[in-house]
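Student: here are the coordinates; sequence isn't available:
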């Protein structure tokens, strides 16, 4: 009988706000330990929390984009536990009524991941261990992170492989970036992974950071559980930690129940009304999301599905394609955005939104390609320089004499030279080796400095060789 794998994720996402959830301390800035703190975020007696409006707006956007049912009241509770990362011995979170109930995120046409809840909470402090967590002689606490605004996204156990869990995380990141409520360069995202192979009891793996690490932690844990099931070992529901250096999970504690945290409504925070007007205005502010972009690219612009998927996962690239398709044929724009622009961005380890990008000159480059004023090879080289520092492309082509060689007489002269200089390749071609023609074409392209079109060179070479 096929094994039944159940995987659910509890993902903690730091919202991109200037200040913390319940105080005015900055979320970014000095890395000096405990330098971005105040009596509220370190839990001093008598300090009072004040709710961050921007964080609520960001969380509401996510709930609506994930099709959650929105609570009419935002209520915070105290989750009591005794651990050095929360000096006041409780965490302010939501328990009884989350901001967003249920909801779903679509992986693809055949797979939807259902959500249990989306709620808001404050981030605990960060702990620094000396070497391995289990063997560290002491722990250091940095409260700079304490109080940062988080949303926790809790899924149903709808994933059945490590690959599906990683795909879900990628889909979630795309959604967060479209909503502009999360910055992957400065905000934290981590996950608690719940995984089990029936009838093995559910195991929670705490605080796994990074898509690859989530996948590796799940793969290891599935392997470990298979081994124990094979050996007939008995186990209880428990919590484990992931050691990214050793690439293993290890026992932390038996799993506590939610009731053990002794939740109570936080008396220091008043109930915030989530009005119909708030919901309406937030819905109206939502951008067109990746799924909608994907369908538009395929149905309206007739872009191939694989290309449409790649571009739609990046909001900046999607918006660029929409603008470019009004200047040149959509399939040409999509090809150059997906392949060449992405290639150059990846080489420079940049995203489009992170650079000073001159859209109008990029559109000029596409027009030159469309009209065959320059060859693809020339355009590729121009784009490589253009990404580093924008310039006037039309002037650059003119000043550097980069226009495509279209004079068939000139091209034929270069073809004759290549044939004369490479008799072995000529004989190979005449013996039926088609690859020899590619070699000769390359020689001609080198002579024309990439300014002739390969198709035209091919045609002239065949004519001369035959």
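Tutor: Great, that's in hand. Just so it is clear, the structure is predicted and the values come from calculations on it, not from any experiment.

Student: end-to-end on stretch 268-283?
Tutor: 30 Å (C-alpha to C-alpha, to the nearest Å).

Student: now that stretch: average pLDDT?
Tutor: Averaged across stretch 268-283, pLDDT comes to 96.

Student: run a quick neighbour tally on residue 151.
Tutor: By other C-beta atoms under 10 Å, 26 other residues sit near residue 151. Backbone N, C-alpha and C define where each C-beta goes, glycine included.

Student: please name the strands paired to the helix or strand harbouring it in the sheet, noting orientation.
Tutor: Using DSSP states H and E, the element containing residue 151 is strand 149-155. Strand 149-155 pairs in its sheet with strand 5-14 (antiparallel), strand 111-122 (antiparallel), by DSSP bridges.

Student: same for the helix or strand just after it, what does it pack against?
Tutor: Using DSSP H and E, the helix or strand that follows strand 149-155 in sequence is helix 162-179. Counting contacts by 3 or more C-beta pairs under 8 Å, 6 or more residues apart in numbering; DSSP states H and E, helix 162-179 is packed against strand 5-14, helix 53-65, strand 104-108, strand 189-197, helix 211-231, helix 290-299.

Student: in its sheet, what does the fourth one sit against?
Tutor: Going back to what we said before, that points to strand 189-197. Using DSSP bridges, strand 189-197 pairs in its sheet with strand 5-14 (antiparallel), strand 203-208 (antiparallel).

Student: buried residues of the helix or strand encompassing residue 419, list them for me.
Tutor: Taking DSSP H and E as the criterion, residue 419 maps to helix 408-421. For helix 408-421, a neighbour-count test (16 or more other C-beta atoms under 10 Å) marks 411-412, 414-415, 418-419 as buried.

Student: now swap in stretch 254-272 and tell me
Tutor: 255, 261, 263, 266, 269.

Student: what does the closest residue to the fourth one other than its chain neighbours show for phi and psi?
Tutor: It stands for residue 266. Nearest residue to residue 266, sequence neighbours excluded (C-beta to C-beta, 6 or more residues apart in numbering): residue 76, at 4.7 Å. Geometry field for residue 76 lists phi and psi as phi -110, psi 150, criterion degrees, to the nearest 10.

Student: picking up where we left off before, for the helix holding residue 419, name the packing helices and strands.
Tutor: Under the contact criterion of 3+ C-beta pairs under 8 Å, 6+ apart, helix 408-421 touches helix 435-447, helix 454-465.

Student: for residue 12, which of those is the nearest?
Tutor: Relative to residue 12, the nearest member of the helices and strands packed on helix 408-421 by C-beta to C-beta is helix 454-465, separated by 51.8 Å.

Student: tell me the angle of the closest one relative to helix 408-421?
Tutor: 60 degrees (axes from the mean of the first three to the mean of the last three C-alpha atoms, to 10 degrees).

Student: residues in contact with helix 454-465: which ones?
Tutor: Applying C-beta atoms under 8 Å, 6 or more residues apart in numbering, the contact partners of helix 454-465 are 375, 406, 408, 411-412, 415-416, 418-419, 426, 429-430, 437, 440-441, 444-445, 448.
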